[in-house]
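Asks: I'll drop the sequence and a predicted model, then ask my questions.
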Amino acid sequence: MSLQLTIDCADPRVMVAFWSRALGYVPEPPPEGHATWRAYWEASGVPGEELPPGAGDAPESIFDPAGRGPRVWFQQVPEPKTAKNRWHFDLKVGGGSRVPRDVRVRRVDAAVERLVAAGATVLRTGGDPGTGFYAVAMRDPEGNEFDVV
């Protein structure tokens, strides 16, 4: 079995650019012999009326070049996000509890700064120095929540 994560969105181009940077993934090129994903889908028999304008003209999926993580497809949908996520990514950049808290805080804060520059927003910072926990809750460019820990 293989695993793909599909994320509904308004603008796959924005999401591909952001999440490629956030996860260290790369945009997935269309299958060999096809100039675009749209051309591939049409050649595979997907009816044109099922493809929104612009769908597949640019990469809409990303993959882990190291082959460890799942493929992520950003599926364009007409309806906007309306509620809090029922799932979210945890970007584990701190190194875990064996790494001193001050080092983890610096790593997390550096990642947060990079992600804000890429289009994310900070929701809140959490963590009690007494427990050693530190995390930053964020939103991607379309408002999906995720954590940097």
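Replies: Structure's in. What do you need?
Asks: can you pull out the strands in the chain?
Replies: 4-9, 26-27, 61-63, 71-76, 89-91, 121-126, 135-139, 145-148 (DSSP state E).
Asks: would you turn these into a markdown table with distance to residue 40, mean neighbour count and mean pLDDT?
Replies: All C-beta atoms are positioned from the backbone trio N, CA, C, and that covers glycine. Shown next, in a markdown table, are the strands of the chain (distance: least, CB to CB, whole Å; neighbours: other CB atoms under 10 Å; pLDDT from 0 to 100):
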| stretch | distance to residue 40 | mean neighbour count | mean pLDDT |
| --- | --- | --- | --- |
| strand 4-9 | 16 | 16 | 94 |
| strand 26-27 | 14 | 14 | 98 |
| strand 61-63 | 12 | 22 | 97 |
| strand 71-76 | 13 | 19 | 93 |
| strand 89-91 | 27 | 16 | 94 |
| strand 121-126 | 34 | 12 | 95 |
| strand 135-139 | 32 | 20 | 97 |
| strand 145-148 | 30 | 19 | 96 |
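Asks: nearest residue to residue 116 other than its sequence neighbours?
Replies: Leaving out its chain neighbours, the residue that sits closest to residue 116 by CB to CB, 6 or more residues apart in numbering is residue 122, at 6.7 Å.
Asks: contacts for the longest helix seen in the chain?
Replies: Taking DSSP state H as the criterion, the chain has its longest helix at helix 101-117. Contacting residues not belonging to helix 101-117 are listed as 21-22, 91, 93-96, 99, 120, 122, 127, 129, 132, 134-136, 138, 148-149 [CB atoms under 8 Å, 6 or more residues apart in numbering].
Asks: what sits against the residue nearest the centre of the chain?
Replies: Geometric centre of the chain, nearest residue: residue 19, 3.3 Å, by CA atoms, centre = their mean. By CB under 8 Å, 6+ apart, the residues touching residue 19 are 25, 62, 72, 74, 140.
Asks: how far away is the nearest residue to the first one once chain neighbours are set aside from residue 126?
Replies: When you say that, I think you mean residue 25. Among residues not flanking residue 25 along the chain, residue 62 sits closest, at 4.0 Å (CB to CB, 6+ apart). Between residue 62 and residue 126 the computed distance is 28 Å (CB to CB, to the nearest Å).
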